[in-house]
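1. Build me a structure from this.
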Amino acid sequence: MPELQFGLRDVTAIVHRSGHLLSVSALVLAMLLWGSSFVAMKYAFAEMEPMIVIFGRMVVGSVCFLPFLRSFSRLKLTRAHILPLVGMGLFEPCLYFLFEAKALELTSASQASMITTMLPLLVAMAAGLLLGELISRKVVVGLVLAAVGAIWLSLGGTSSIHAPHPVLGNFLEFLAMISATGYIILLKKLSSSLPPFFLTAVQSVIGAVFFLLVLLVLRVQVPATLSISGLLAILYLGTFVSVGAYGLYNFGVSRVPANQAAAFINLIPVCTIVLGFILLGERLTGWQMAACLLVFTGVIISQDSRPINKKERI
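-> Okay, here's the model as predicted:
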């Protein structure tokens, strides 16, 4: 009997580890897709207004979920779900994209990316206060290392983007991170009773309606013709990023603590530089490669799935 009990514990541990590996794999793939979105956005923004691009990707994303309407209708939605769902969608993509789009007009990409490294720490604090997630010293060390690595990575590159009002731009980027924090917290809460795939669909639909209203209020002119590359960029952003990346990230958040999932955000600048090297012929400096290694180290350290004892808590 002791041998049987030992075997069952082993099987349970293996299943737990494999489930955690699947969640981590989904989060890493989501970061790769988000990193690739910068290349697609570059092509799209060269031909049309940013708000049109964002609206287009939200519409494409929403259309991708039409075949699943019947399965979504079987979900047991209650009145308690409505406000959190609307709040999640308003936080991201709505407010997040509004703040970030304007921020990048006022500050440099390097400075904006340094502000984004605050997101994992903001989420860790919010998850501790609002979700009751326990945070160990090891997780905090990993988050700080990943943030330092991402900042180092940003400082290691060169930027030609004009920054007429960097203080205001950095503040707007910080508001974008506040919005992203609200999104992750509500997502974590909703994922306990609703499937991540449905939550991704809700995001796309709310985003499409919101940015349609933005286009109408601002009276943005839609270009008469679009090139094949511009259309392909919007299709890629709507399917692989708005559906794929958010779906994978939402799945990961539903399976691991919110503070650990947020640590993966620091992989986005790393993925962007790697993809830039592969697709655009950009070269990594020795310092940037060291910074990438530091980010990966920090993310790995932060993935502490062991129960937290009193001595390890902060």
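2. Now do the buried residues in stretch 95-106.
-> L95, Y96, F97, L98, F99, E100, A101, K102, A103, L104, L106 (16 or more other C-beta atoms under 10 Å). Every residue, glycine included, has its C-beta placed from N, CA and C.
3. Show me what that stretch is in contact with.
-> Stretch 95-106 is contacted from outside by 50-51, 54, 112, 161, 163-166, 168-170, 172-173, 175-176, 179-180, 183, 207, 211, 214, using C-beta atoms under 8 Å, 6 or more residues apart in numbering.
4. Spell out for me the PyMOL command that would select the buried members of those.
-> Applying 16+ other C-beta under 10 Å to the contacts of stretch 95-106 leaves a buried subset, and the PyMOL line that selects it is:
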select buried, resi 50+51+54+112+163+169+170+172+173+175+176+179+180+183+207+211+214
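5. Could you list the low-confidence segments of this protein?
-> Scanning the chain for pLDDT under 70 picks out 1-19, 108-114, 153-163, 276, 280-284, 303-314.
6. Can you tell me the centre-most residue of it?
-> Nearest to the geometric centre of the chain sits I265, at 6.0 Å (C-alpha atoms, centre = their mean).
7. Tell me if I'm right that that residue and L119 touch.
-> Yes - counting by C-beta atoms under 8 Å, I265 touches L119, with 5.1 Å between them.
8. list residues touching both of these two?
-> Contacts common to I265 and L119, judged by C-beta under 8 Å, 6+ apart, are A180.
9. Secondary structure and distance to L293 for the buried residues of stretch 95-106 - can I get that in TSV?
-> As requested, the buried residues of stretch 95-106 are arranged in TSV below (DSSP: H, G, I helix; E, B strand; the rest coil; distance: C-beta to C-beta, whole Å):
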residue	secondary structure	distance to L293
L95	helix	34
Y96	helix	29
F97	helix	31
L98	helix	34
F99	helix	31
E100	helix	27
A101	helix	31
K102	helix	33
A103	helix	28
L104	helix	27
L106	helix	32
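10. Reformat those as JSON lines; add distance to A30.
-> Compiled in JSON lines, those are given as follows (distance: C-beta to C-beta, whole Å):
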{"residue": "L95", "distance to A30": "20"}
{"residue": "Y96", "distance to A30": "15"}
{"residue": "F97", "distance to A30": "17"}
{"residue": "L98", "distance to A30": "22"}
{"residue": "F99", "distance to A30": "21"}
{"residue": "E100", "distance to A30": "17"}
{"residue": "A101", "distance to A30": "21"}
{"residue": "K102", "distance to A30": "25"}
{"residue": "A103", "distance to A30": "22"}
{"residue": "L104", "distance to A30": "21"}
{"residue": "L106", "distance to A30": "28"}
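11. thinking again about what came up before, how near is the residue nearest to the centre of the chain to G230?
-> Distance, I265 to G230, by C-beta to C-beta, to the nearest Å: 28 Å.
12. Likewise for Q221?
-> 15 Å.
13. again with L145
-> 39 Å.
14. list the contacts for A176?
-> Per C-beta under 8 Å, 6+ apart, neighbours of A176: L95, Y96, F99, E100, A103, I115, T116.
15. Let's see that with 7 Å instead.
-> Neighbour list for A176: Y96, F99, E100, A103 [criterion: C-beta atoms under 7 Å, 6 or more residues apart in numbering].
16. before we move on, which element is it in?
-> Using DSSP states H and E, A176 falls within helix 166-190.
17. quick one: the next helix or strand after that helix to helix 166-190, angle?
-> Proceeding N to C from helix 166-190, the next assigned helix or strand is helix 196-218, under DSSP H and E. Angle of helix 196-218 versus helix 166-190, following axes from the mean of the first three to the mean of the last three C-alpha atoms, to 10 degrees, is 140 degrees.
18. What helices and strands are in contact with helix 196-218?
-> helix 50-64, helix 79-89, helix 246-255 (3 or more C-beta pairs under 7 Å, 6 or more residues apart in numbering; DSSP states H and E).
19. Okay, buried residues for it please.
-> 196-204, 206-211, 214-215.
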